[in-house]
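1. The sequence and its predicted three-dimensional model are supplied below.
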Amino acid sequence: MFTRRALSGMTAALTAALAAAATKPVSAATEGAAAIAELQARLARLMPRRDFKTVPMVLESRDLWDDAAIREVVAYRGSPRQVWDNKDLASGWTGFMRNALNGQTLSFQNRDFLTVSMTRGDAQLALFDQPSWDKYGLAKLTNGKFAGNSLIVPGPGGIQDASIPALMKRGVVFMACHNAIWAAAARAIAGGAPGHQEEVAADLTNHLLPGVILTPGALATLPLLQDAGFHYVT
């Protein structure tokens, strides 16, 4: 027989559980995709917000980043799963990811291998479209290494192509870092680009490549994937 105190405790626990569930993204409560094609379809159905006027230095609300998309990637059940910590624009990082993708899907025949680019630092510049490079003089931030965003220019095609659009078509997921966007905005303004940092960062966010997932910060998001079993590559 339950006592009044026990019933009160159960009610409080249930209320707390319901409140916690209500704060979780819808996608986090669903079973994760089991195949790359399924994950791509799920991500394509999500509508990322890209109408920002201003953004703060620190994002504190889930509507300011692509939370549902992050949760879909974290919940992915295919294997193997790999996350790259990419921070150097000129390091050849897309080529390394292409090699991992080819080795896993063609050599080892792991068709549902998922590789994720947790992109930050100067590598973040590759996730902006060419119009934003032109508008904010982003080439100047590369110390003469890039005249434009060559990483989005289609390559030879097929398994040789290490361009970002080609890799995305094959299932590679690219995540953008808000902190790196904020820093790029400051550097662009210091180089002569007009506008306030909150406005330039918002505009750069709006010009992320289609399909790129916005995070509140790469290093803050990385543990979510690692806790889910993604293999870390630096």
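-> Perfect, I can see it now. Small disclaimer: the values here were computed from a predicted structure and weren't measured.
2. For the rest of this, base every contact and every neighbour count on C-alpha atoms.
-> Will do.
3. who does the residue nearest in space to the middle of the chain bridge with?
-> The chain has Met175 as the residue nearest its centroid, 1.6 Å off, counting by CA atoms, centre = their mean. Note on Met175: beta-bridge partners Met118, Ile213, judged by DSSP bridges.
4. Residue ranges in the protein under the pLDDT threshold?
-> Along the chain, the parts satisfying pLDDT under 70 run over 1-30.
5. quick one, domains of it?
-> Per the record, the chain has its domains at 1-30, 33-233, by automatic domain parsing.
6. chain center to the longest one: distance?
-> Using CA atoms, centre = their mean, to the nearest Å, the distance from the centre of domain 33-233 to the centre of the chain it belongs to is 5 Å.
7. Could you give the separation between the terminal residues of that domain?
-> For domain 33-233, the first-to-last residue distance is 23 Å (CA to CA, to the nearest Å).
8. Pro210 is in contact with the residue nearest to the centre of the chain, correct?
-> No. With contact defined as CA atoms under 8 Å, Met175 does not reach Pro210; the gap is 11.3 Å.
9. Contacts only, for Pro80.
-> Contact analysis of Pro80 by CA atoms under 8 Å, 6 or more residues apart in numbering lists Asn110, Asp112, Phe113, Leu114, Phe230.
10. and the first one, helix, strand or coil?
-> What it means is Asn110. With DSSP: H, G, I helix; E, B strand; the rest coil as the basis, Asn110 sits in coil.
11. Tell me the spacing between it and Gly78.
-> Note on Asn110: its distance to Gly78, by CA to CA, is 9 Å.
12. repeat for Leu114
-> 7 Å.
13. Show the backbone phi and psi for the residue nearest to Thr119 when sequence neighbours are not counted.
-> Using CA to CA, 6 or more residues apart in numbering and skipping the chain neighbours, the partner closest in space to Thr119 is Asn86 (4.9 Å). Main-chain dihedrals, Asn86, degrees, to the nearest 10: phi -100, psi 120.
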